[in-house]
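Chemist: coords please:
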Amino acid sequence: MDAAVVAFAPVDHLKTRKGAFRIALIPPEVLRALNDGLLETVNLNEFLALGLPQLARSVAGHIGLDPASERLVDTLAMLGAFKPMQRHGHIARALYDLAALNAERDAVAHRLATHASDVARCWAAQWVALSGLPLAAQLQAVRRFAADSHFGVREIAWMAVREAVIGSLDESLVLLQPWAADADPNIRRFASELTRPRGVWCAQIEALKAEPWRALPLIEPLRADPSRYVQNSVANWLNDASKTQPEWVDRLCTRWTDESDTPATRYIAKRALRTLSKQA
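Modeler: Below is the predicted model of the structure:
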């Protein structure tokens, strides 16, 4: 029987919860379901409360891998030596290595990518970076995670291909232009967030810090985007650039508001100039 089907049945009554505002207040039933891989996290507290060894073993069993394998056991034993986000990368790598030895590798990958747990889907997104695929193929593979319904998976999606994008920046900017025109705001936001010159918890794109105008064909179509999710990303993109190319960002925002005097563009420009405004 499909593990995802089994996972959903007993926890439907928990899906509408708002999430505890303190880790200590997370109900035991919720924490058990999260650690068993039966439920998505709904806030940062739940994410931080996860027992990763238990979750990793649960997910491994769900997708057809051996939870007691030496490769996974050794990885889980050393998690404490790493920073929190690094731990997820090590688990993803262990599962990837185990899947490589499985005769039904594609089926295993599909189960992980469609798992009930958002954290499991994050691990699946990290597999893209481990694949060794060409850039275009990596972007195609990560697209499903960029469009995921869970905010956490969408964040890991762009982080997963960030290094590949930096390594082939010009090709990336061309390949991502259709993404900036996609009907899905999650995909449009991905194109912007992925290429932010500085970004958060990721490698900086030195070329775009020095010459942010190279990405103008990508971000220009987003200057009046109707989605606040996208607007915030574009504004943050330009705020990043303002720290190294302030005059260019200032001129661009002036042009945008002159040519597109809309609430969306004004909002983007104001947020984009927030660092420069503090320095004025």
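
Chemist: low-scoring stretches of the stretch 151-280 of the chain, by residue?
Modeler: By pLDDT under 70, the low-scoring segments of the stretch 151-280 of the chain are 280.

Chemist: helices of that one, residue ranges please.
Modeler: Per DSSP state H, counting those that start in this stretch, the stretch 151-280 of the chain carries helices over the ranges 151-167, 169-175, 185-194, 206-210, 216-219, 228-242, 246-259, 263-272, 274-279.

Chemist: out of the ones you listed, flag the one nearest Gly132.
Modeler: Of all these, helix 151-167 sits nearest to Gly132, with 10.1 Å by C-beta to C-beta. For the C-beta atoms, the positions are set from N, CA and C on the backbone; glycine is no exception.

Chemist: so what touches that closest one?
Modeler: Helix 151-167 has contacts (C-beta atoms under 8 Å, 6 or more residues apart in numbering) with 41, 47, 88, 118-119, 121-122, 125-126, 128-129, 135, 138-139, 142, 145-148, 172, 186, 189-190, 193-195, 199, 201-203, 205, 207.

Chemist: returning to what we had before: a markdown table please, covering the helices of the stretch 151-280 of the chain and showing mean neighbour count.
Modeler: Below are the helices of the stretch 151-280 of the chain laid out as a markdown table (neighbours: other C-beta atoms under 10 Å):
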| stretch | mean neighbour count |
| --- | --- |
| helix 151-167 | 21 |
| helix 169-175 | 17 |
| helix 185-194 | 24 |
| helix 206-210 | 15 |
| helix 216-219 | 18 |
| helix 228-242 | 23 |
| helix 246-259 | 16 |
| helix 263-272 | 19 |
| helix 274-279 | 12 |
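
Chemist: now those helices as TSV including distance to Gln54?
Modeler: As requested, these are exported to TSV (distance: least, C-beta to C-beta, whole Å):
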stretch	distance to Gln54
helix 151-167	18
helix 169-175	37
helix 185-194	30
helix 206-210	40
helix 216-219	41
helix 228-242	32
helix 246-259	46
helix 263-272	40
helix 274-279	42
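
Chemist: returning to that earlier point: neighbour count says what about the contacts of helix 151-167? Which are buried?
Modeler: Buried subset of those (neighbour count, 16 or more other C-beta atoms under 10 Å): 41, 47, 88, 118-119, 121-122, 125-126, 128-129, 135, 138-139, 142, 145-148, 172, 186, 189-190, 193-195, 199, 202, 205.

Chemist: sitting in strands, which of the contacts of helix 151-167 do you find?
Modeler: Counting by DSSP state E, the contacts of helix 151-167 place none of their members in strands.

Chemist: quick one, strands of the stretch 1-150 of the chain?
Modeler: Taking DSSP state E, counting those that start in this stretch to define them, one finds no strands in the stretch 1-150 of the chain.

Chemist: enumerate every residue touching Ala33.
Modeler: Pro10, Val11, Leu14, Leu39.

Chemist: just the buried ones from the residues you listed?
Modeler: Using 16+ other C-beta under 10 Å, the buried ones in these are Val11, Leu14, Leu39.

Chemist: buried sites along stretch 21-29?
Modeler: In terms of neighbour count (16+ other C-beta under 10 Å), stretch 21-29 has its buried residues at Ile26.
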